[in-house]
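Participant: I would like to see how this sequence folds:
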Amino acid sequence: MAVKIRLKRLGKIRSPHYRIVVMDSRAKRDGRAIEEIGLYHPKNDPSVIKVDSERAQYWLGVGAQPTEAVVALLKRSGDWQKFTGDTSPSGIDEQPAPKDKTAAFNKALAESDGSSTTEAISKSSRKAKAVEPAATPDEPAVSDDAAEQA
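Facilitator: Model (predicted):
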């Protein structure tokens, strides 16, 4: 059985997430995997690359063939350099800490003296139109054609 290390696509349209998997080369792209050894999220900034180094080294050692995309990811994680004995640099950028939106809001509110200038929730245009009366009390609600006939 020919074994490949390749990417299995997950996620929505235009929002792909991949798993680095070991599977039979004849299986479908998103078919049943023998083992999942990592993650790849390309849309994050910077991209998330997580590889179980021990399992990747094992599968490479027993002859699993990685695809070109997986080789590029393994080079970024440093696992390919371990396997081949290459001395080229590797590195994955750390994910930045998520912004605390509540703290940013409270800071902005404190800078503006605690008074809000706009409402937090605006009324939708449909509700605003439904609330408006059809005719004002000053004008009669009679059309021009009806006025000419009278």
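Participant: when you work out contacts or count neighbours from here on, use the C-alpha atoms and nothing else.
Facilitator: Noted.
Participant: looking at this, residue 54 is in a strand?
Facilitator: No. Per DSSP: H, G, I helix; E, B strand; the rest coil, residue 54 lies outside any strand segment and is helix.
Participant: that one - how many residues pack around it?
Facilitator: Neighbour count for residue 54, taken as other CA atoms under 10 Å: 10.
Participant: go on, the one 3 residues further on?
Facilitator: Residue neighbour count, defined by other CA under 10 Å, stands at 15 for residue 57.
Participant: once you drop chain neighbours, what's closest to it?
Facilitator: residue 83 (6.6 Å; CA to CA, 6 or more residues apart in numbering).
Participant: do the same with residue 53
Facilitator: residue 79 (6.2 Å).
Participant: the one you found: neighbour count?
Facilitator: Neighbour tally, residue 79, other CA under 10 Å: 21.
Participant: identify the residues contacting it.
Facilitator: Applying CA atoms under 8 Å, 6 or more residues apart in numbering, one finds that residue 79 lies in contact with 53, 56, 57.
Participant: show me which of these is closest to residue 111.
Facilitator: residue 53 (48.0 Å; CA to CA).
Participant: number of nearby residues for the closest one?
Facilitator: The burial count for residue 53: 16, using other CA under 10 Å.
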